[in-house]
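Peer 1: build me a model:
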Amino acid sequence: MPPTAGIGLEPGFRGVICVSFGASDDTAGYDTGGQPRYDLHFESATTETLSELRSALAHSHVGVRLVVAGPPADTRAAAAAAAECGLLEAEVTLLAHQVGPRVIYCPHCRATTTTTRKAGSEVQCGECGTSLAITDHFSRRLGAYLGYSAHAEEAA
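Peer 2: Numbers count the residues shown, from 1 in each chain. Purely as a prediction, here's the structure:
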């Protein structure tokens, strides 16, 4: 069975793939300008759902567009998966909700921590315990906001 058989997308799709996360379908009214559309809906961006998105993108043609709606952590994870598949920033439209958790990348252990805290505050890395200052700098490649050691300049 080919990988696209489970998701119903014909090989060579050229159009708009609309992905929504969470309780609502915020891509339902998105105008594709007459281009064919393929809809995917997931509760959240998990390893399995992002794998399904990568499969859909792998079986599409150059020129496909991606529209992603939902909480920021989920839309950013989907954008990072799309970048891994070779989509350019101009080929991806994010319709992120303004509220929701942020994923913070720890440069010390390379793990991510999810938080609802805003930029300028601190969060403890869930993996190594480093106190991270949260920035507004978003890494599209990592699908996360960058953190840095909040107390790196303090004398021990």
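Peer 1: tell me where this structure has strands.
Peer 2: 16-21, 37-42, 65-70, 92-96, 102-105, 112-115, 122-124, 131-139, 144-149 (DSSP state E).
Peer 1: would you mark the buried spots in the longest one?
Peer 2: Applying a neighbour-count criterion of 16 or more other CB atoms under 10 Å, the buried positions in strand 131-139 are 132-134, 138. The way it works is simple: take the backbone N, C-alpha and C, and place the C-beta from them, glycine included.
Peer 1: now do the same contact list for the residue nearest to Ser149 when sequence neighbours are not counted.
Peer 2: Here the nearest residue to Ser149 in space, its sequence neighbours aside, is Thr130; by CB to CB, 6 or more residues apart in numbering that works out to 5.6 Å. By CB atoms under 8 Å, 6 or more residues apart in numbering, the contact list for Thr130 reads 106, 108-109, 124, 149.
Peer 1: any of those residues buried? List them.
Peer 2: Neighbour counting with 16+ other CB under 10 Å marks Cys106 as buried within those.
Peer 1: so which of the contacts of Thr130 would you say is closest to Ala77?
Peer 2: Nearest to Ala77 among these is Cys106, at 16.3 Å by CB to CB.
Peer 1: please report the distance of that closest one from Ala90.
Peer 2: Distance of Cys106 to Ala90, given as CB to CB, to the nearest Å: 30 Å.
Peer 1: okay, and the helix or strand of this structure with the least pLDDT?
Peer 2: Counting by mean pLDDT, DSSP states H and E, the weakest-scoring helix or strand in the chain turns out to be strand 92-96, with a mean of 85.
Peer 1: report the beta-bridge partners for Tyr145.
Peer 2: Beta-bridge partners for Tyr145, by DSSP bridges, are Ile104, Phe138.
Peer 1: start at 26, not 1
Peer 2: Fine by me, first position is 26 from now on; the one you just mentioned is Tyr170.
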